[in-house]
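Chemist: any chance you could fold what I've pasted below:
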Amino acid sequence: MGIFVHILSSRTGSMIRSKLKLLSWRRMIFSLFFSVIHCFVFYLQHDDVHYLVFVADVPLVTALIYFLTGKLLIFLHHSDNLYRTSAEENTSAKNYFLYVSGILFLAWLPVFLAYYPGLFTYDVHYQIPQAQETYLNWQPLTHTLLLEFFYYIIGGKLFHHYTVGIAAATIFQMVLFAMMLSFIHLYLYKCGLKRRIRYIVIGLTAFLPQFSMLAISMTKDTLFSGFCGVFLTALLFERKFPEDSHRRLLTVLYVVSGIGIILFRSNGIFPIGGILLFSVYELFSRKNKSFFFRTVAVVVTAVVIQNMLTVILSAEKNPKNEMLSVPYQQIAGVYYDNYDSLTDEEKAYIQHLFPTLERYKPKLSDGIKNFAKAEENMKEFISFYFRTGLQYPYTYIKSFCLLNAGYLSVTDITYSEIYGNSMRQGVLLSDNKEGFDVVHHSYLSFLEDAYELLYTANQYLNIIGLNVLLSPAFYFWIILFLYLSAIMLKKKNAVPLVIFSGVLIFTLLFGPCVLVRYALSYTVCIPLLFTLVFDNSHGVA
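Modeler: This is a model prediction of the structure:
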């Protein structure tokens, strides 16, 4: 007994107690939650699997995750594995920022040349014509105007060639996105993260297709994700390095990126709103007035700009259908799964609610959402929704899980098949929208052929490692693991980032489907959250 007491009182005993602390009930809850969700989603998607297989798999997966997370936490808990102990590098912040920006741009340049003038795809065929027709608020007006500026002004009027205009838009986005990500990498450098770890993160952002291909894609999600990263990085810089001589620049970046988050996606107001509430808390608890007023400035300015654009452009308001994807899927799921149990009146209401009910797909709400009629009588819809949910709770849970399977299960691959895998539409789109005089020409056809094979024909699914690194669920569970770690290690400084990313993910869970470009916005938060959770509490000047 004396020996045991001596060990526990020594430095070795301290390490043992630290390890025992990490092996806590919180980790067991996380492991069990991970196991139940994954096994349940797998069970839902395989009708031929007996439920006993699900019951048997849960304890096995739970034990595996519990063991792996314990080993990982113990390794990460010792900052010597992650952080350098002295200023072993003397590169200035400015030079490091420029170096990384250049590396990212040059890494993406071959992809741009392979797909010259860039990936003129996703929603451009809805956005570009709005200049001659009616502006629609369901696509961010700021992004629509940005696209139209390059298409009509730079391409049409300045160069008299729309292809050149889109090429200019692509290069502009590549440069800006590279600088946005480089700002995140700069924070990792300033925090003292070891070189080999930083190089791995830089390599991933340089060569993973969700960065390289979306950097040249005309989708709002690219710059939106960049704004998310800059906003959080500026916030963390000010908190970790309060004496930094660039505080004014950080304030400008915080405000501008926060405005960009709200203006470039309709759900951007929610994570910013979460930060606003947190700033109110800090205003009263820590008398942090500057943080509060900066965040208020973000919200007020963005709302004013959004309303001014709506009025000036006479834009049509965003329909509520965009926010009702999950309820619509749940009600449609009840119709198909419990048809015989529904009354004739209930069937008639659902058929009226969804004129395109035959287009229902469990993992994509667009088929029924775009033409749904809930707005005709929202009070009746809400009443029917909750009444039906009380009758069929299992179907509601099932419908929610199937719609979000790509976020919840690493084994799910339906996110890669939302658009199909033909006509250059795989996990990442590369189809060039016709009818806009934008001519695609590949200067690196071998690279284009390789990317088409991997990401249009979805052959990346057969490459172990790459299939995981493209899975939205992989990053979703990494963030949940970091949340758990922040709680276990009592990292109060991670609270604002947890609030922002948590609210952002929550809004995505109520979206129309799971896509890699949606997941990019919370993926860029992971390195920042990682440094907060496993921080050695000092930085490198």
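Chemist: can you pull out the helices in the stretch 151-300 of the chain?
Modeler: All helices of the stretch 151-300 of the chain, identified by DSSP state H, counting those that start in this stretch, fall at 162-190, 195-207, 209-212, 220-240, 247-264, 269-285, 289-312.
Chemist: distance to His46 added to those, as TSV?
Modeler: C-beta coordinates here come from the backbone N, C-alpha and C atoms, glycine included. Listed next are the helices of the stretch 151-300 of the chain as TSV, based on distance: least, Cβ to Cβ, whole Å:
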stretch	distance to His46
helix 162-190	38
helix 195-207	32
helix 209-212	27
helix 220-240	31
helix 247-264	38
helix 269-285	34
helix 289-312	44
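Chemist: between those, which gets nearest to Phe381?
Modeler: For these, the distance to Phe381 is smallest for helix 269-285, at 22.0 Å, taking Cβ to Cβ.
Chemist: which other helices and strands does the closest one contact?
Modeler: Here helix 269-285 touches helix 247-264, helix 289-312, helix 495-509, going by 3 or more Cβ pairs under 8 Å, 6 or more residues apart in numbering; DSSP states H and E.
Chemist: can I get the ones you listed in JSON lines including distance to Gln425 and mean pLDDT?
Modeler: Listed next are the helices and strands packed on helix 269-285 as JSON lines, based on distance: least, Cβ to Cβ, whole Å; pLDDT from 0 to 100:
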{"stretch": "helix 247-264", "distance to Gln425": "23", "mean pLDDT": "94"}
{"stretch": "helix 289-312", "distance to Gln425": "31", "mean pLDDT": "94"}
{"stretch": "helix 495-509", "distance to Gln425": "21", "mean pLDDT": "94"}
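Chemist: so which of those helices is nearest Ser399?
Modeler: That would be helix 495-509 among the helices and strands packed on helix 269-285, by Cβ to Cβ, at 12.4 Å.
Chemist: on that earlier part again, out of the helices and strands packed on helix 269-285, the one nearest Tyr43 is which?
Modeler: Shortest distance between Tyr43 and those, using Cβ to Cβ, is found for helix 495-509: 19.7 Å.
Chemist: can you map out the helices along the stretch 1-150 of the chain?
Modeler: 2-9, 11-22, 25-45, 51-77, 93-114, 124-127, 141-148.
Chemist: quick one: low-confidence parts of this protein?
Modeler: 1-23, 47-55, 78-81, 84-89, 245, 420-422, 536-541 (pLDDT under 70).
Chemist: on that earlier part again, out of the helices and strands packed on helix 269-285, flag the one nearest Pro140.
Modeler: Closest to Pro140 of those, according to Cβ to Cβ: helix 247-264, at 5.2 Å.
Chemist: between the closest one and helix 220-240, how many degrees?
Modeler: Here the directions of helix 247-264 and helix 220-240 differ by 150 degrees (axes from the mean of the first three to the mean of the last three Cα atoms, to 10 degrees).
Chemist: just the buried residues of helix 247-264, please?
Modeler: By 16 or more other Cβ atoms under 10 Å, the buried positions in helix 247-264 come out as 250, 253-264.
Chemist: next, give phi and psi for the spatially closest residue to Leu469 that is not a sequence neighbour.
Modeler: Once flanking residues are discounted, Leu469 sits nearest to Leu208: 6.0 Å by Cβ to Cβ, 6 or more residues apart in numbering. With angles defined as degrees, to the nearest 10, Leu208 sits at phi -70, psi 140.
Chemist: could you measure from Leu208 over to Phe476?
Modeler: 16 Å (Cβ to Cβ, to the nearest Å).
Chemist: so which of these two has more stuff around it?
Modeler: Using other Cβ atoms under 10 Å, the more surrounded residue of Leu208 and Phe476 is Phe476, with 23 against 16.
Chemist: what helix or strand does the more buried one sit in?
Modeler: Assigned by DSSP states H and E, Phe476 belongs to helix 472-488.
Chemist: so what's the residue count around the closest residue to Tyr475 other than its chain neighbours?
Modeler: Among residues not flanking Tyr475 along the chain, Thr523 sits closest, at 4.6 Å (Cβ to Cβ, 6+ apart). Using other Cβ under 10 Å, Thr523 has 25 neighbouring residues.
Chemist: mind listing what Thr523 touches?
Modeler: By Cβ atoms under 8 Å, 6 or more residues apart in numbering, the contact set of Thr523 is 210, 225, 475.
Chemist: tell me how many other residues crowd the first one.
Modeler: What it means is Gln210. For Gln210, using other Cβ under 10 Å, the count is 24.
Chemist: measure the closest residue in space to it that isn't next to it in sequence to Gly203 for me?
Modeler: Distance criterion Cβ to Cβ, 6+ apart; nearest residue to Gln210, sequence neighbours excluded, is Val516 at 5.1 Å. Look at Val516 and Gly203: by Cβ to Cβ, they are 18 Å apart.
Chemist: higher neighbour count, those two?
Modeler: Val516 (24 against 12).
Chemist: which residues touch that one?
Modeler: Counting by Cβ under 8 Å, 6+ apart, Val516 touches 210, 214, 415-416, 427-428, 470, 472.
Chemist: was I right about Leu119 contacting Gln425?
Modeler: No. Counting by Cβ atoms under 8 Å, Leu119 does not reach Gln425; the two are 11.3 Å apart.
Chemist: shared neighbours, those two?
Modeler: Here Leu119 and Gln425 share no contacting residue, scored by Cβ under 8 Å, 6+ apart.
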